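Peer 1: could you look at this predicted model? Sequence included:
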Amino acid sequence: MITLFNRETIYTGTDVNTFSSIQRLLDAHRIQYDYRIDRRQGIIGMPTMHIYELYVRKKDVDEVMYLIHQQNGGAR
């Protein structure tokens, strides 16, 4: 179970494709995660913005960061 006290943020951003890609990666490796989607209302005439956040247990952070690095092509 992921709680406020044992979690760490692994992604915060506005790109839904990156958010979804990391979710699929976590699912494929059966790593438990939690997420939050914050909707920010734009100024009049500006579009609404979504802020995506993904959390994993602190003990999984190193593995997850390694997997994300590998998914993105590893060392270049």
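Peer 2: Sure, I can see it.
Peer 1: for the helix or strand harbouring residue 66, buried residues please.
Peer 2: For residue 66, the host element (DSSP states H and E) is helix 61-71. By neighbour count with 16 or more other C-beta atoms under 10 Å, helix 61-71 contains the buried residues 64, 67-68. Glycine gets a C-beta too; all of them are placed from N, C-alpha and C.
Peer 1: can you tell me the average pLDDT over the stretch of helix or strand residue 25 belongs to?
Peer 2: Assigning secondary structure by DSSP H and E places residue 25 in helix 16-28. Mean per-residue pLDDT for helix 16-28: 96.
Peer 1: what does stretch 61-68 give?
Peer 2: 95.
Peer 1: show me what contacts residue 55?
Peer 2: 2, 7-10, 33-36 (C-beta atoms under 8 Å, 6 or more residues apart in numbering).
Peer 1: let's see 6 Å
Peer 2: Residue 55 sits next to 7, 9, 34 when contact means C-beta atoms under 6 Å, 6 or more residues apart in numbering.
Peer 1: please consider this matter closed, and thank you.
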